[in-house]
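S.K.: Here is the input, now give the coordinates:
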Amino acid sequence: MNMNDSTMAIPDVQGSADTRQLAIDKVGIKSIRHPVKVMDKSGGVQHTIAVFNMYVGLPHNFKGTHMSRFVEILNSHEREISVENFEPTLREMVKRLDAETGHIEMSFPYFILKQAPVSGVQSLIDYEVTFVGEIHEGGKYRFTMKVVVPVTSLCPCSKKISERGAHNQRSHVTVTASTNDFVWIEELVQLVESQASCELYGLLKRPDEKYVTERAYDNPKFVEDMVRDVAALLNREKRIDDYVVESENFESIHNHSAYALIERNKLAG
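M.R.: Below is the predicted model:
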C-alpha cells in the first residue's frame with residue numbers, strides 16, 4: 001500500500017453528513033498568531049505579528065469543517081498579507097472549505113513615526129489595527145478597517161468653572177470603517193488626531209510638553225464633541241460607506257470612563 005492508499009483509508013469524519021438541519025454561521029479557528037508584512041504610507045513595509053480569526057459558514061448537511069485547511073491557507077502566503085491580497089486570501093479560504101460565506105479578522109500593532117511639535121525629536125507611536133474581510137451569500141465582498149487612536153481630551157466644563165487649570169485625560173477613539181476604495185491606516189489616524197484636544201507623542205522635550213499642555217487647554221473637547229467632530233469628517237470621506245466612531249475617556253477625576261458612539265450607514269441615506 002502506497003502513501004496515497006494509506007491516506008485514502010483514513011475516514012473523513014468532518015466531511016460526513018449531518019441530519020440535524022442546523023447550519024452554523026461561523027466555524028473555524030480563533031486567536032492564531034502569524035507574522036505579516038503591512039505596507040505603510042511612507043513607502044516602507046512593517047513586519048509585525050497579527051492575531052487571526054478565520055471562519056466559514058457551514059451548511060446544515062455537513063458535520064464539520066476541515067480546521068487544518070485554515071492554517072494551510074495562512075501559511076501558504078508566506079507572510080505577504082495586506083489589504084491588497086486580503087480579498088483573494090478570503091476567497092481562497094471559502095473555496096477550499098467548500099463554503100459560501102467566510103470571515104477573516106487580522107489584528108496587529110501598527111507603528112507610526114511622529115515628530116514632537118516644537119523640538120522635532122522623532123519617536124514611534126503604536127496603534128491597534130484590525131482588518132476584517134467578509135464574503136457574504138452571493139459572493140459579495142466587504143472590507144472593514146478598525147483603528148484605535150489614543151489622544152488627549154480636556155474637559156470644557158472643568159476649564160469653565162475652575163480658576164486654575166482643567167482636568168484632562170487620555171482617550172481612546174475607535175473608528176470602524178467599511179471602505180469601497182483603498183484607505184491608508186495613517187489617514188484614519190490623522191483624521192482622528194486632528195479633532196482631539198491634542199494628539200499624543202512617544203517622546204517630548206520640555207518645550208514640547210509646554211506646547212501640548214497649552215494646546216489641549218486651548219482646545220477642550222467633551223466625549224460628545226469628539227465623536228461628532230470625527231463623524232463630520234467621515235461623512236465627507238467618499239471612500240467610506242459606513243462607520244462607527246467611539247470615544248472612551250479614561251477620566252482623571254472619576255473611577256469610570258465617559259463614552260459616546262455614532263454609527264452611520266451612508267449608503268442608506
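
S.K.: contacts and neighbour counts: CA atoms only from here.
M.R.: OK.

S.K.: what's the neighbour count on residue 240?
M.R.: 21 (other C-alpha atoms under 10 Å).

S.K.: State the distance from it to residue 84.
M.R.: According to C-alpha to C-alpha, to the nearest Å, residue 240 stands 17 Å off from residue 84.

S.K.: Hmm, residue 113 is touching residue 124, no?
M.R.: Yes - here residue 113 reaches residue 124: they are 4.5 Å apart, a contact under C-alpha atoms under 8 Å.

S.K.: low-scoring pLDDT stretches of the stretch 151-269 of the chain, where are they?
M.R.: Filtered on pLDDT under 70, the stretch 151-269 of the chain yields the residue ranges 269.

S.K.: For it, which segments count as strands?
M.R.: Taking DSSP state E, counting those that start in this stretch as the test, the strands found in the stretch 151-269 of the chain are 168-179, 198-199, 240-250, 257-265.

S.K.: Each with direction, which strands does the first one pair with?
M.R.: For strand 168-179, the paired strands and their directions (DSSP bridges) are strand 141-154 (antiparallel), strand 240-250 (antiparallel).

S.K.: Likewise for the shortest one?
M.R.: Strand 198-199 sits in its sheet next to strand 141-154 (antiparallel), going by DSSP bridges.

S.K.: I'd like the distance from the strand it pairs with to the chain centre, please.
M.R.: Offset of strand 141-154 from its chain centre (C-alpha atoms, centre = their mean, to the nearest Å): 6 Å.

S.K.: Could I get the buried residue list for the lengthiest strand in the chain?
M.R.: As assigned by DSSP state E, the longest strand anywhere in the chain is strand 24-39. Neighbour counts over strand 24-39 (16 or more other C-alpha atoms under 10 Å) mark 27, 28, 29, 34, 35, 36, 37, 38, 39 as buried.

S.K.: Repeat that for stretch 108-121.
M.R.: Residues of stretch 108-121 classed as buried: 108, 109, 110, 111, 112, 114, 115, 116, 117 (neighbour count, 16+ other C-alpha under 10 Å).

S.K.: want to throw the buried residues of strand 24-39 into CSV with distance to residue 69?
M.R.: Below are the buried residues of strand 24-39 laid out as CSV (distance: C-alpha to C-alpha, whole Å):
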residue, distance to residue 69
27, 12
28, 10
29, 10
34, 15
35, 18
36, 19
37, 21
38, 23
39, 26
